[in-house]
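[1] How does the following fold in three dimensions:
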Amino acid sequence: MRIFLAGATGAIGRELTPALLRAGHEVVGLTRTEPGAAWLRSIGATGVLGDIFDRAAVHRLVAEAEPDVIMHQLTALSERDFAANSRIRREGTRRLVEAAEAVGVTRMIAQSISWVYEPGSTPAAEATPLDPTDAQPRADTVDGVRALEATVGELADHVVLRFGLLYGPGTWYSRDGLLGEQARRGELVAADGIASFVHVADAARATLLALDWPAGMVNVVDDEPAAGHEWAPVFAAAVGGSTPTLTSGGEPWERGADNTLARRLGWAPIYPSWRDGFAELRCEL
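    All right, here's what the predicted structure looks like:
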């Protein structure tokens, strides 16, 4: 297949692009920087420069790529810019869907997140409603996800991957990431809230497999939702940080997510538990 990959040099993109090429696909990767385009060329992909908010440019680049599938892996998380990230979900997704419709592409695979479900006491499945909260800043996050998923859903053949908290190279949960820095400064706090994780390599593999999945939402998380009291000390030790401060309490929506559907579709994580993946973070030390 010929794939237009928006976000080809992000945390998932740097794992996904080589995987797509190894699987025999052609990749046209959208990036904002010339070094990013150069890296794409160096591994055998086509790198194109563009701004996702520039409607004319996005339409032109997609038309020139003539893709069979569009993959949406764009975020602004490397810059830690939440406002820009929400804008990408709302406006950037709209630009990609418009461009797809203009050239007759009906299949899109898009990145979403799995911690936007309504409050509950068990891991959330895909049919669980999104959180109806109007409390900020969570409401803005949930509304951005809702907009992204609804927009992608306008295409007949869409797959939305609701990833767990990403960890590994290029993510916040790495030695050089936001949480790694906090752990080494002694600022990491662990509460009772439950989270689901997924290694960035497992997220990329799910995206590759999703080329053959039926339309719909899929949670892509590991097998072990865990409370902060469990995972935070292990993470801190792995990245060379101090033991985090343990506190009580957690948000009602911190419930983790269920990966039964992804496994049924043929995805099996390399790192079934964050315990396995966090151990490898020690290699960065």
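
[2] The stretch 101-250 of the chain: helices as residue ranges?
    138-152, 178-184, 200-209, 228-238 (DSSP state H, counting those that start in this stretch).

[3] Please identify the buried residues of the first one?
    Under the neighbour-count criterion of 16 or more other CB atoms under 10 Å, helix 138-152 has 141-149, 151-152 buried. Just so you know, the C-beta spots here come from the backbone N, C-alpha and C atoms, and that holds for glycine as well.

[4] and the gap between Thr31 and Glu280?
    Thr31 sits 27 Å away from Glu280, going by CB to CB, to the nearest Å.

[5] Which residue of those two possesses the greater neighbour count?
    With neighbours defined as other CB atoms under 10 Å, Thr31 and Glu280 compare such that Thr31 has more, 22 against 16.

[6] ok, and the closest non-adjacent residue to the more buried one?
    Of all residues not flanking Thr31 in the chain, Thr9 sits nearest, at 4.7 Å (CB to CB, 6 or more residues apart in numbering).

[7] Can I take it that that neighbour is in a strand?
    No. Counting by DSSP: H, G, I helix; E, B strand; the rest coil, Thr9 is not found in a strand; it is coil.

[8] Report how many residues lie close to Ala257.
    By the measure other CB under 10 Å, the count of residues near Ala257 is 27.

[9] Same question for Ala237.
    Applying other CB under 10 Å, we find 17 residues neighbouring Ala237.

[10] What confidence value was assigned to it?
    pLDDT, Ala237: 96.

[11] shaky segments in the stretch 151-285 of the chain?
    Residues of the stretch 151-285 of the chain meeting the criterion pLDDT under 70: 283-285.

[12] residue boundaries of the strands in it?
    157-163, 165-167, 189-190, 194-195, 197-199, 216-220, 226-227, 245-246 (DSSP state E, counting those that start in this stretch).

[13] What lies in contact with the third one?
    The contact list for strand 189-190, computed with CB atoms under 8 Å, 6 or more residues apart in numbering, reads 228-229, 231-233, 244-247.

[14] Now the helices of the stretch 101-250 of the chain in a markdown table, please, with extra columns for distance to Val220.
    Output for the helices of the stretch 101-250 of the chain, formatted as a markdown table (distance: least, CB to CB, whole Å):
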| stretch | distance to Val220 |
| --- | --- |
| helix 138-152 | 14 |
| helix 178-184 | 20 |
| helix 200-209 | 4 |
| helix 228-238 | 18 |
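
[15] Provide a list of residues in contact with the nearest residue to Val239 once chain neighbours are set aside.
    The shortest distance from Val239 to any non-neighbouring residue, by CB to CB, 6+ apart, is to Gly180 (4.2 Å). Contacts for Gly180 (CB under 8 Å, 6+ apart) come out as 172-174, 239, 241.

[16] which of these lies closest to Pro214?
    Nearest to Pro214 out of these is Tyr173 (CB to CB; 30.3 Å).

[17] quick one: contacts for that closest one?
    Applying CB under 8 Å, 6+ apart to Tyr173 gives the contacts 165-167, 179-180, 197, 235.

[18] Throw those residues into a markdown table and include distance to Ala84, thanks.
    Formatted as a markdown table, these follow (distance: CB to CB, whole Å):
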| residue | distance to Ala84 |
| --- | --- |
| Leu165 | 19 |
| Leu166 | 17 |
| Tyr167 | 22 |
| Leu179 | 20 |
| Gly180 | 22 |
| Phe197 | 24 |
| Phe235 | 26 |
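
[19] farthest-separated two in the residues you listed?
    Once CB to CB is applied, those give Gly180 and Phe197 as the farthest pair, at 14.2 Å.

[20] Glu15 contacts His199, doesn't it?
    No. Here Glu15 does not reach His199: they are 9.3 Å apart, not a contact under CB atoms under 8 Å.

[21] Name the residue in the two with the higher neighbour count.
    Neighbours per residue, other CB under 10 Å: of Glu15 and His199, the larger number sits with His199, 27 against 22.

[22] Wait, the more buried one touches Ala279, no?
    No. Assessed by CB under 8 Å, His199 is found out of contact with Ala279, at 11.2 Å.

[23] one step back: show me which of the contacts of Tyr173 is closest to Ala210.
    Of all the contacts of Tyr173, Ala210 sits closest to Leu166, with 16.0 Å by CB to CB.

[24] Need the phi and psi values for Leu21.
    phi -60, psi -40 (degrees, to the nearest 10).
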